[in-house]
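K.L.:
model this:
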Amino acid sequence: MKITRERRNILICGVVLILFGMLYRNFHLIEDLGSSKSEIRLKQKQLLKYQQKVSEKPVLEKRYVRLTRLAERSEADLLNGKTPALAAVDLQNIVNEIADGEDIVIKTMRVMPNRTFDHPSFLGISVQLTFSSTISQLWKLLYRIESFPKILKVTDIKIVRNSGQNLEGLLLPTLTVEGVMDVTGEVEK
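P.N.:
Residues are numbered from 1 along each chain as shown. Have a look, this model is predicted:
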């Protein structure tokens with residue numbers, strides 16, 4: 001059986017058309033090969049980033065532990081108490097303890113309005129106290145308040161000279177002492 005030239009050309013055209021049809025039909029598979037290579041590169045880059053993050057883990061854990069310890073030490077500087085009233089009681093006890101150490105008898109002590117700070121997690125708790133003392137006692141009291149382990153400061157002071165018999169050299173100071181409390185409720189003491 002001999003194939004004529006005309007049939008051979010038709011057969012070649014048919015085979016070429018079938019090949020083009022198969023290529024057209026399976027073009028997405030060929031395209032996927034190229035895109036899968038770029039996907040592999042992207043996934044490798046992403047994997048490198050993850051490996052870098054994992055390699056940073058020990059450093060980050062050490063930093064976390066250091067910051068946790070720092071936060072615990074800082075919380076120890078705040079007034080005890082879950083509410084402002086309890087923190088005010090703690091501040092009154094601290095001031096009484098300091099005054100007793102200097103042989104000062106407090107005549108009056110009252111809680112002042114709370115003061116808010118720029119940071120909403122903290123609140124300033126103040127007490128105002130009036131007492132009689134010598135200059136030396138007052139100086140020692142102020143020093144002990146400012147150097148107390150908790151965050152305390154004298155925000156206001158008014159001093160009047162006591163003028164009465166047998167009261168020569170005595171002062172009548174009025175101090176306002178402020179401490180700081182955490183209002184987030186996370187400080188458990």
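K.L.:
quick one, domains of this structure?
P.N.:
Following automatic domain parsing, one finds the domains of the chain at 5-55, 84-182.
K.L.:
Pipe those domains into a markdown table and attach mean neighbour count and mean pLDDT per row.
P.N.:
Where C-beta positions appear, they are placed from N, C-alpha and C, glycine not excepted. Formatted as a markdown table, the domains of the chain follow (neighbours: other Cβ atoms under 10 Å; pLDDT from 0 to 100):
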| stretch | mean neighbour count | mean pLDDT |
| --- | --- | --- |
| domain 5-55 | 10 | 83 |
| domain 84-182 | 15 | 89 |
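K.L.:
To residue 66, which of the ones you listed lies closest?
P.N.:
Closest to residue 66 of these, according to Cβ to Cβ: domain 5-55, at 19.1 Å.
K.L.:
measure the residue nearest the centre of the chain to residue 85 for me?
P.N.:
Nearest to the mean C-alpha position of the chain, counting by Cα atoms, centre = their mean, stands residue 71 at 8.3 Å. Going from residue 71 to residue 85 by Cβ to Cβ, to the nearest Å gives 25 Å.
K.L.:
before we move on, what about residue 50?
P.N.:
For residue 50, the distance to residue 85 equals 50 Å [Cβ to Cβ].
K.L.:
what do you get for residue 139?
P.N.:
Counting by Cβ to Cβ, the gap from residue 139 to residue 85 is 31 Å.
K.L.:
Repeat that for residue 101.
P.N.:
For residue 101 relative to residue 85 (Cβ to Cβ), the value is 25 Å.
K.L.:
ok, now residue 14?
P.N.:
Counting by Cβ to Cβ, the gap from residue 14 to residue 85 is 97 Å.
K.L.:
Please name the bridge partners of the spatially closest residue to residue 156 that is not a sequence neighbour.
P.N.:
In this structure, residue 156 finds its nearest non-sequential neighbour in residue 176, 3.9 Å apart by Cβ to Cβ, 6 or more residues apart in numbering. For residue 176, the beta-bridge partners are residue 128, residue 156 (DSSP bridges).
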